[in-house]
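>>> Below is the structure, and that's it, no one-letter string:
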């Protein structure tokens, strides 16, 4: 199994404001909490996509809190998992 290994450095993360770093960290943790295993390719791909989306949002710079944004599935980062995109069955 070939695993995606992002090579982000502290300097890469410093392109994001603190609020965005916290959001990225929380989303990464949320993706693996139910697995409690070494991150897989799906996790790493999602983390890379989130990082790139956060950069494009231009929320501010490192050492600042940055502009607020909605970290929920309805916000600019979207749902955590692909299955979260599917419509929920009605009761």
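Received it, and whenever you're ready, just let me know what you need. Predicted, not measured: the structure shown is a model, and the values here were computed from it. Numbering: from 1, shown residues only.
>>> switch to C-alpha atoms for all contacts and neighbour counts from now on
Fine.
>>> Tell me the spatial nearest neighbour of residue 19, not counting adjacent residues.
Once flanking residues are discounted, residue 19 sits nearest to residue 65: 5.1 Å by Cα to Cα, 6 or more residues apart in numbering.
>>> Let me know the helix or strand that the one you found is in.
Residue 65 belongs to no helix or strand when elements are defined using DSSP states H and E.
>>> you'd agree residue 15 is up against residue 54?
No - here residue 15 does not reach residue 54: they are 9.6 Å apart, not a contact under Cα atoms under 8 Å.
>>> Provide the secondary structure category for residue 16.
Using DSSP: H, G, I helix; E, B strand; the rest coil, the structure places residue 16 in coil.
>>> the more surrounded of residue 15 and residue 54?
Neighbours around residue 15 and residue 54, counted as other Cα atoms under 10 Å, are more numerous at residue 54. The numbers are 22 against 19.
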